[in-house]
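**Student:** My questions concern the predicted model and sequence given below.
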Amino acid sequence: MQTDWKPDERTAWQLVAQAAVIVGAVLLVYLPAWRAGFVWDDEQLITANPLLRTFSGLIEMWSGGRTADYFPMTNTVFWIERHLFGENATGYHAINILLHGADAILVWLVLHRLQIPGAWFAGLIFGIHPVHVESVAWTSELKNVLAMFFTLLSIFSFVGSNEHRQSRAAYIASLFFFALALLSKTQTVFVPIALLMCAWWRDRDSTSFRREAIRTGPFFVMAVVFGLITIWFQNRGIGEEEVVIGSFPRRLVNAGLAIWWYAGKVCLPTRLMAIYPRWRFDSPQLWEWFPLVVLVLLLGLTWHCRNRGTRGAFLPLAYFIVALLPVIGFVRMAYLRSGTLVADHFQYFADVSLIAFVCSAVAMFARRARGEIRTAIAAIAILLIGMMGKYAWQRTKVFHDEESLWRDTLAKNPDAWQARARLGQYFFRQRKYSDAIEHLRRAVELKPQLPENRNLLGLAYCRAERFEEGIAEYRKALELKESRASTAQSASVATIRTNLANALTIIGTNLSGSATEIPSEATRRYEEAIAQYEKALELEPNQPAIHRNLGLLLAHLGRFDEAEAHLRATLQIVPNEPTAQETLKEIEAQRP
């Protein structure tokens with residue numbers, strides 16, 4: 001049996017050189033990420049996350065009170081990064097890249113400890129594979145690279161725990177690292193099964209395997225507990241929003257299709273995008289069962305013939321399937337809101353097995369081949385490495401900013417409603433309201449049940465002085481919000497009512513013009529605006545902007561006593577609010 005390397009100086013230098021090549025390749029491929037900014041969920045998780053600003057927020061991240069998922073280890077690293085780097089994205093990207101480089105080295109070390117040929121080559125390919133760019137160049141996916149780091153350390157320690165005298169310490173370390181992996185991202189619940197696979201691969205003796213199976217017991221307990229916690233958090237975050245996952249037969253069919261899809265991206269990583277086209281969730285047709293049937297037959301065949309040469313094929317296939325099980329649509333999860341079942345970052349943990357399988361096959365073939373064939377294999381391998389590295393470098397550039405990310409997505413998937421909504425938000429912040437309207441309107445067409453998109457579209461219409469269209473969107477947003485018990489009395493309803501009242505007030509002012517008397521239509525708009533402001537204050541009584549705007553409108557209508565009450569309420573909350581102070585002085589001046 002092959003054991004760990006001998007600690008001689010020559011081998012140590014070789015190891016350092018090999019590790020340096022992997023890290024150097026990763027740093028080169030992800031060079032564009034060093035100059036990139038924040039995109040997508042980075043705003044929610046990092047730049048606009050109030051929990052990252054205080055020590056009490058750090059405590060709350062571990063208690064899980066306001067977090068969408070329970071990833072406290074990842075959030076703790078975000079908390080540290082926020083205090084080290086502020087809103088300078090370079091530091092965050094540097095941590096992701098370095099962790100990914102460490103992951104690639106650990107892939108090599110784990111495969112070597114499992115005595116799999118081509119281990120170093122597999123680590124290099126893992127480090128530069130284009131499908132992993134989303135997990136590295138997107139700051140929010142720190143949870144992937146961090147959880148993978150702890151996962152590989154757990155496997156490495158577990159496999160080594162029966163090789164050394166200090167096996168107990170290695171076993172405890174494996175449990176500890178697995179706990180950290182779960183606290184970073186609970187997709188790692190598959191690890192206990194992976195440990196059993198590693199034990200089966202190394203020890204063909206049934207007695208040894210049974211002993212190893214018993215040792216994985218605590219890992220399974222931890223996986224079940226954290227899996228249930230994640231499902232609870234996901235259901236809380238989704239709330240009453242309808243997330244379609246289909247019937248159980250459809251979920252089985254989609255699972256088979258997804259596994260083949262992910263395998264295809266490992267072997268041929270082309271047309272990568274942030275959001276892939278919608279999947280079907282209706283009743284499956286007969287022909288759609290074919291990929292699942294083939295997958296089951298292939299798995300069964302490699303298992304049946306495991307003692308006749310297919311042992312090395314069964315392990316990577318089984319690991320690949322098991323590592324993907326948490327994310328192929330069997331349970332309701334928030335990522336299914338987009339209508340697609342697949343994403344590049346979901347296969348970060350699973351790809352290791354297929355990469356290792358291909359690399360080991362190449363290494364074994366090259367070892368047995370003649371000199372000129374070895375040279376040809378090396379040339380082809382270098383060419384493929386160059387092509388993969390180039391595409392990964394180009395893909396990394398896509399994550400430079402919101403506009404480049406979503407334009408790339410829409411060029412490949414024009415019906416991605418999230419891309420439309422995010423690009424609409426981006427243009428709104430840039431004050432390019434016509435562009436924002438174009439994308440937000442399409443987002444609403446593709447996903448009409450989301451009130452947030454309708455509210456932002458209403459704002460864009462109003463900023464473009466298309467007030468009637470804006471008001472129509474506000475009304476639809478309110479209707480959607482109030483149709484659900486969980487959101488009917490929320491602060492967001494107060495925000496939408498305030499936006500609606502502001503638009504009604506502006507229309508009333510435009511209708512009044514310079515007339516000495518307020519037209520009846522303008523009066524109707526003003527009265528509805530007052531009603532909307534008052535309803536908003538019922539939900540948010542301490543919101544100064546609502547008090548101020550209502551006070552200004554009442555003062556304009558000559559209802560000075562009512563106006564004064566709201567303006568003084570504004571000053572109680574914001575003592576030096578200039579508009580409220582000036583309006584109060586004008587009211588005092590007009591009184592006899």
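**Tutor:** That came through fine. Residues are numbered from 1 along each chain as shown.
**Student:** just the CA coordinates of the stretch of helix or strand residue 125 belongs to, formatted as PDB?
**Tutor:** If you go by DSSP states H and E, residue 125 is part of helix 119-128. Once side chains and other backbone atoms are set aside, the C-alpha atoms of helix 119-128 remain, and they are given as PDB (Å, rounded to 0.1, in the frame of the first residue of the first chain):
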ATOM      1  CA  ALA A 119      -3.600  13.600  -8.200                       C
ATOM      2  CA  TRP A 120      -1.500  16.700  -8.900                       C
ATOM      3  CA  PHE A 121      -3.000  17.000 -12.400                       C
ATOM      4  CA  ALA A 122      -6.500  16.800 -10.900                       C
ATOM      5  CA  GLY A 123      -5.700  19.600  -8.400                       C
ATOM      6  CA  LEU A 124      -4.400  21.800 -11.200                       C
ATOM      7  CA  ILE A 125      -7.500  21.200 -13.400                       C
ATOM      8  CA  PHE A 126      -9.800  21.900 -10.400                       C
ATOM      9  CA  GLY A 127      -8.000  25.200  -9.800                       C
ATOM     10  CA  ILE A 128      -8.400  26.500 -13.300                       C
END
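**Student:** Run through who's touching the helix or strand following it.
**Tutor:** Past helix 119-128, further along toward the C-terminus, the next helix or strand under DSSP H and E is helix 133-137. With contacts defined as C-beta atoms under 8 Å, 6 or more residues apart in numbering, helix 133-137 is touched by 30, 32-33, 36, 93, 96-97, 100, 141, 144-145, 272, 274, 343-345, 348, 392, 395-396, 398-399. All C-beta atoms are positioned from the backbone trio N, CA, C, and that covers glycine.
**Student:** Which ones among these map onto helices?
**Tutor:** Helix and strand membership here follows DSSP state H; of the contacts of helix 133-137, those in helices are 93, 96-97, 100, 144-145, 392, 395-396, 398.
**Student:** hmm, which two among the residues you listed are most spread apart?
**Tutor:** The most widely separated members of these are 145 and 398, with 18.1 Å between them, by C-beta to C-beta.
**Student:** re the thing from before, out of the ones in helices among the contacts of helix 133-137, flag the one nearest to residue 228.
**Tutor:** Of all the ones in helices among the contacts of helix 133-137, the one sitting nearest residue 228 is residue 144; the distance, using C-beta to C-beta, is 21.6 Å.
**Student:** Give the burial count for the closest residue to the closest one other than its chain neighbours, as a bare number.
**Tutor:** The spatially closest residue to residue 144, leaving aside those adjacent along the chain, is residue 135, at 4.1 Å (C-beta to C-beta, 6 or more residues apart in numbering). In terms of burial, residue 135 registers 26 neighbours under the definition other C-beta atoms under 10 Å.
**Student:** Repeat that for residue 60.
**Tutor:** For residue 60, the number of neighbouring residues by other C-beta under 10 Å comes to 17.
**Student:** host element of it?
**Tutor:** Assigned by DSSP H and E, residue 60 falls in helix 55-63.
**Student:** could you point out which element follows that helix?
**Tutor:** Per DSSP H and E, the first helix or strand lying C-terminal to helix 55-63 is helix 72-85.
**Student:** isn't residue 193 right next to residue 321, touching?
**Tutor:** No - contact status for residue 193 versus residue 321: not in contact, 9.9 Å apart, counting by C-beta atoms under 8 Å.
**Student:** Mind checking which of these two has more residues around it?
**Tutor:** In terms of neighbours (other C-beta under 10 Å), residue 321 is the more surrounded of residue 193 and residue 321; the figures are 22 against 19.
**Student:** mind checking pLDDT for the nearest residue to the more buried one once chain neighbours are set aside?
**Tutor:** If the residues on either side of it in the chain are set aside, residue 321 comes closest to residue 259, at 5.9 Å by C-beta to C-beta, 6+ apart. Per-residue pLDDT puts residue 259 at 96.
**Student:** and residue 259, what does it touch?
**Tutor:** The contact partners of residue 259, taken as C-beta under 8 Å, 6+ apart, are 291, 295, 320-321, 324, 328.
**Student:** Is it in a helix, a strand, or coil?
**Tutor:** Under the three-state scheme (DSSP: H, G, I helix; E, B strand; the rest coil), the conformation of residue 259 reads as helix.
**Student:** how near is it to residue 520?
**Tutor:** From residue 259 across to residue 520, the span is 66 Å (C-beta to C-beta, to the nearest Å).
**Student:** Next, residue 420: secondary structure please.
**Tutor:** Using three-state DSSP as the criterion, the local structure at residue 420 reads helix.
**Student:** Leaving out sequence neighbours, find the closest residue to residue 529.
**Tutor:** Once flanking residues are discounted, residue 529 sits nearest to residue 504: 3.9 Å by C-beta to C-beta, 6+ apart.
**Student:** Hmm, residue 525 and that neighbour touching each other?
**Tutor:** Yes - here residue 504 lies in contact with residue 525, judged by C-beta under 8 Å, at a distance of 4.7 Å.
**Student:** Model confidence for residue 166, exactly?
**Tutor:** If you check residue 166, the pLDDT there is 60.
**Student:** Pull the distance from the lowest-mean-pLDDT helix or strand in the chain to the chain's centre.
**Tutor:** Within the chain, judged by mean pLDDT, DSSP states H and E, the helix or strand with the poorest mean is helix 206-215; its value is a mean of 78. Its chain's C-alpha centre lies 37 Å from the corresponding centre of helix 206-215 when counted by C-alpha atoms, centre = their mean, to the nearest Å.
**Student:** Same check on stretch 250-261?
**Tutor:** 21 Å.
**Student:** In it, which residues are buried?
**Tutor:** Along stretch 250-261, these residues count as buried under the neighbour rule (16 or more other C-beta atoms under 10 Å): 250-259, 261.
**Student:** average pLDDT for stretch 37-46?
**Tutor:** Stretch 37-46 comes out with an average pLDDT of 90.
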